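Asker: pasted the sequence and its predicted model underneath.
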Amino acid sequence: MNHSFILQAEWDGGRNSEGRIEAGQLKTAISIPKEMGGPGVGTNPDEMLLGAAATCYLITLAAMMERGSLPVEKLSLESEGIVDVTNNIFTYVSITHKPYIRLKPEASEKDMEHARKLPEKAEGSCMISRAIAGNVALSTLPRIEKSGEGEA
């Protein structure tokens with residue numbers, strides 16, 4: 001079974017202009033980021049690729065934890081994308097996901113061990129990660145705790 005996703009876009013001019021995109025619930029202005037010499041209005045392809053990779057990873061990780069019946073108290077994520085600019089050529093180099101998983105106090109050592117394995121497994125299972133693998137370096141730096149132990 002195939003699923004089709006449609007994006008409509010408008011662009012107002014040259015390189016440093018602004019545009020708009022709409023795809024389902026996503027409706028936003030777009031432009032080149034200020035860091036790359038653009039106007040910095042709305043979002044941009046760099047943020048959108050990072051957003052796609054991060055949300056896919058987070059949803060995949062959450063689904064794996066649910067299937068594993070892990071007693072999750074909190075799940076959050078910080079992701080970082082690195083873009084290299086050399087000789088005016090822009091290359092998306094890497095994405096690093098830094099999930100934070102806090103299990104409930106009743107979590108067993110078996111639950112903790114299972115939780116330690118899932119962040120890497122989720123990276124390999126995420127559809128977006130698989131789509132960009134080989135072109136963008138992907139890594140995970142998880143932090144896993146049990147509620148009441150080592151909380152910041």
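Answerer: Sure, I can see it.

Asker: only C-alpha atoms from now on, for both contacts and neighbour counts.
Answerer: OK.

Asker: so where's this structure shaky on pLDDT?
Answerer: Applying pLDDT under 70 to the chain picks out residues 150-152.

Asker: give me the most central residue, it.
Answerer: Nearest residue to the geometric centre of the chain (CA atoms, centre = their mean): Ala54, 0.9 Å.

Asker: can you give the distance of the helix or strand containing it from its chain's centre?
Answerer: Here Ala54, judged by DSSP states H and E, is contained in helix 45-67. Here helix 45-67 is found 5 Å from its chain centre; the criterion is CA atoms, centre = their mean, to the nearest Å.

Asker: what does it contact?
Answerer: Helix 45-67 is contacted from outside by 32, 72, 75, 77, 79-81, 83, 92, 95, 97, 115, 118-119, 122-123, 125-129, using CA atoms under 8 Å, 6 or more residues apart in numbering.

Asker: next one: stretch 115-127
Answerer: By CA under 8 Å, 6+ apart, the list of residues contacting stretch 115-127 from outside reads 56-57, 60-61, 64-65, 70, 99, 101, 129-130, 138-140, 142, 144.

Asker: circling back to that earlier point, what are the C-alpha coordinates of the helix holding Ala54, in PDB please?
Answerer: What follows is helix 45-67, C-alpha atoms only, in PDB (Å, rounded to 0.1, in the frame of the first residue of the first chain):
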ATOM      1  CA  PRO A  45      15.100  23.200   4.200                       C
ATOM      2  CA  ASP A  46      17.700  22.600   6.800                       C
ATOM      3  CA  GLU A  47      15.300  22.900   9.700                       C
ATOM      4  CA  MET A  48      12.700  20.900   7.800                       C
ATOM      5  CA  LEU A  49      15.100  17.900   7.200                       C
ATOM      6  CA  LEU A  50      16.100  18.000  10.800                       C
ATOM      7  CA  GLY A  51      12.400  18.200  11.800                       C
ATOM      8  CA  ALA A  52      11.500  15.300   9.600                       C
ATOM      9  CA  ALA A  53      14.300  13.200  10.900                       C
ATOM     10  CA  ALA A  54      13.700  14.100  14.600                       C
ATOM     11  CA  THR A  55       9.900  13.600  14.500                       C
ATOM     12  CA  CYS A  56      10.200  10.300  12.700                       C
ATOM     13  CA  TYR A  57      12.900   9.100  15.200                       C
ATOM     14  CA  LEU A  58      10.800  10.200  18.200                       C
ATOM     15  CA  ILE A  59       7.600   8.600  17.000                       C
ATOM     16  CA  THR A  60       9.500   5.400  16.200                       C
ATOM     17  CA  LEU A  61      11.200   5.300  19.600                       C
ATOM     18  CA  ALA A  62       7.900   5.900  21.400                       C
ATOM     19  CA  ALA A  63       6.200   3.100  19.400                       C
ATOM     20  CA  MET A  64       9.000   0.700  20.300                       C
ATOM     21  CA  MET A  65       8.800   1.600  24.000                       C
ATOM     22  CA  GLU A  66       5.100   1.100  23.900                       C
ATOM     23  CA  ARG A  67       5.400  -2.300  22.200                       C
END
